[in-house]
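> any chance you can model this:
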Amino acid sequence: MTPRAGLVVAGAGARGSYEAGALADLLPRMVDAGSTPSILVGTSAGALNVVTLAGLAHLAPEEATARLVGGWATVGLADVFGITSGIETGLRYVGQLTGLPIRLPSLLDTERLRSRLRRWLPMETLHANVDSGLIEAVAVATTSVATGGTVVFVEKNPALALPPDDVARNITYVETRLDVEHVMASAAVPMLFRPVRVHTPRRWRGWYVDGGLRLNTPLTPAIAFGCDRLGVVATQPMTSATSPPPVDHQPTEGEPSADRGQPDVYAVAALSLRVLLADRMIEDLHRLADRTGRPGPRVDVLFAGPPPERRGDIAALADEAFRTRYSGLGAKRNPSLWVLDRLIGGDPDDHGNLLSYLFFDPAFTAPAAALGLEHARSRPG
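Here you go, the predicted model:
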């Protein structure tokens, strides 16, 4: 079998800027080692990153990743989402309770992201690079609202075969000509962002949301395409520790009742975000490592992400950037920042972690890219 290298980038929200910085080290290293990736797979912000790199694949890897990092450094909250007004949200919520035809598709309106992506994503050169064979395939993972299954939209060179559907994992591979709508669908976090209607190919028209909802094994598409060498970018370490949940605080006499801390819709949305955008490929990486000596294809992995001892760096950076730039009344005067602050909640332990997924602002994205580059360079090999 002909050796084939791939690149897999996880979903990460605003942490996609960190991934872009890590790619600035990883991609040139892969090219220098003779493992130029021809299969690119991404979910959510990872889809945005791989689509951009596919469109810039005709450039030197240093220039391509520099442009990717530069794009992230100019993204602002106003480019990504608007806020559904409180009155509108209330009316729609009542409508859903009473059966009236008032829909509440999401808390945040990402329609303005569409125009931003049309300016950002180099779709025409992506098509040209795939047609020429410079890139064999670009795959964007989504979740079908109608079926709940994973649908991987693939733009590929005719010489490459489309993988068979993975019935066991409920993964369907659909060939198409990628567009902005596929990237937006891959990044549409349920509850927070509106589902996206995909129009092509015609047979697969429908509503789609974040690909991380069902795709618990995000390395699978790259392996299905025959990759035996993978560059993997994530925002969590390859090794992670678990700990028991904190003991609930029991109020003493005179303290407010614990019932006042009951989660509201914003807290539930924040929890959904944390679960959906956590890097799910870590378990897959361990499965690949466990294959040593067993039947089946061997896959060599080059990982770029936080070292275990620095797992909290991204969250700390987001928290510091937010407090430095928007402390005091600044956030309250900006509706986008106010809702962002509500979404991340008041728990200091979660504040920076959740903020790092939603803080689309140069105050965070620029230093996050620098941090990703620093972490990638600190890894051995």
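> next one: stretch 152-165 to chain centre, how far?
Once both centres are worked out by CA atoms, centre = their mean, to the nearest Å, stretch 152-165 turns out to sit 22 Å from its chain's centre.
> likewise stretch 37-48?
Centroid separation for stretch 37-48 versus its chain: 9 Å, with CA atoms, centre = their mean.
> mean confidence score for that stretch?
For stretch 37-48, mean pLDDT rounds to 95.
> got a list of contacts for stretch 153-163?
The contact list for stretch 153-163, computed with CB atoms under 8 Å, 6 or more residues apart in numbering, reads 126-127, 130-133, 135-140, 142, 173-178, 182, 198, 204, 221, 224-225. Bear in mind the C-beta positions are built from the backbone N, C-alpha and C, glycine included.
> tell me the buried residues in that stretch?
For stretch 153-163, the neighbour count (16 or more other CB atoms under 10 Å) marks Phe153, Val154, Glu155, Lys156, Leu160, Pro163 as buried.
> the second one should be in a helix, yeah?
Spelled out, that is Val154. No: Val154: not assigned to a helix; according to DSSP: H, G, I helix; E, B strand; the rest coil it is strand.
> can you give me the neighbour number for the residue lying closest to it once chain neighbours are set aside?
Distance criterion CB to CB, 6 or more residues apart in numbering; nearest residue to Val154, sequence neighbours excluded, is Ala139 at 4.8 Å. The tally of other residues near Ala139 (other CB atoms under 10 Å) stands at 31.
> check Ser44 too.
Ser44 is flanked by 31 other residues according to other CB under 10 Å.
> need the strands for the stretch 1-150 of the chain, in chain order.
5-9, 39-43, 82-83, 108-109, 137-144, 150-156 (DSSP state E, counting those that start in this stretch).
> centre of the chain to stretch 175-187, how far?
14 Å.
> okay, how far is it across that stretch, tip to tip?
19 Å (CA to CA, to the nearest Å).
> average model confidence for that stretch?
Stretch 175-187 shows a mean pLDDT of 96.
> from here on, call the first residue 9.
All set: I'll call the first residue 9, so the last point we hit is now stretch 183-195.
> what residues sit buried inside it?
Thr184, Leu186, Asp187, Val188, Glu189, His190, Val191, Met192, Ala193, Ser194, Ala195.
> now, among these, which is nearest to Arg124?
Checking the buried residues of stretch 183-195 against Arg124 by CB to CB gives Val188 as the nearest, at 9.4 Å.
> low-confidence stretches in the stretch 209-358 of the chain?
224-225, 248-291, 294, 297-305, 335-358 (pLDDT under 70).
> what about the contacts of stretch 161-171, which are in helices?
Taking DSSP state H, the ones among these that sit in helices are Leu134, His135, Val138, Asp139, Ser140, His190, Pro229, Ala232.
> mind listing what the fourth one touches?
If you count contacts by CB under 8 Å, 6+ apart, Asp139 has them with Asn165.
> any idea how far Phe161 is from it?
To Phe161, Asp139 is 17 Å away according to CB to CB, to the nearest Å.
> let's have the ones in helices among the contacts of stretch 161-171 in JSON lines, adding distance to Glu70.
Converted to JSON lines, the ones in helices among the contacts of stretch 161-171 look like this (distance: CB to CB, whole Å):
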{"residue": "Leu134", "distance to Glu70": "19"}
{"residue": "His135", "distance to Glu70": "23"}
{"residue": "Val138", "distance to Glu70": "22"}
{"residue": "Asp139", "distance to Glu70": "24"}
{"residue": "Ser140", "distance to Glu70": "21"}
{"residue": "His190", "distance to Glu70": "28"}
{"residue": "Pro229", "distance to Glu70": "27"}
{"residue": "Ala232", "distance to Glu70": "30"}
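> restrict the strand or helix carrying Glu382 to CA atoms and write it as PDB.
Glu382 is part of helix 370-386, with elements assigned from DSSP states H and E. Output in PDB follows, covering the C-alpha atoms of helix 370-386 (Å, rounded to 0.1, in the frame of the first residue of the first chain):
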ATOM      1  CA  PRO A 370      -7.800  39.100  19.200                       C
ATOM      2  CA  ALA A 371      -7.100  39.700  22.900                       C
ATOM      3  CA  PHE A 372      -7.300  35.900  23.200                       C
ATOM      4  CA  THR A 373      -6.800  34.400  19.700                       C
ATOM      5  CA  ALA A 374      -3.500  36.100  19.000                       C
ATOM      6  CA  PRO A 375      -1.700  35.000  22.200                       C
ATOM      7  CA  ALA A 376      -3.400  31.600  22.000                       C
ATOM      8  CA  ALA A 377      -1.800  31.000  18.600                       C
ATOM      9  CA  ALA A 378       1.600  31.900  20.100                       C
ATOM     10  CA  LEU A 379       0.900  29.500  23.000                       C
ATOM     11  CA  GLY A 380       0.000  26.700  20.500                       C
ATOM     12  CA  LEU A 381       3.300  27.300  18.700                       C
ATOM     13  CA  GLU A 382       5.200  27.200  22.000                       C
ATOM     14  CA  HIS A 383       3.600  24.000  23.100                       C
ATOM     15  CA  ALA A 384       4.200  22.300  19.800                       C
ATOM     16  CA  ARG A 385       7.900  23.200  19.800                       C
ATOM     17  CA  SER A 386       8.300  22.000  23.300                       C
END
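> what comes up buried for it?
370-381, 383-384.
> among these, find me the one that's closest to Ala32.
Looking across the buried residues of helix 370-386 and measuring by CB to CB, the closest to Ala32 is Leu381, at 5.2 Å.
> ok now do Ser25, which residues does it touch?
Contacts of Ser25 by CB under 8 Å, 6+ apart are Val77, Trp80, Ala81, Val83, Phe372, Thr373, Ala374, Ala376, Ala377, Gly380.
> out of those residues, which two sit at the greatest distance?
Once CB to CB is applied, these give Val83 and Gly380 as the farthest pair, at 14.9 Å.
> no more questions from me, cheers.
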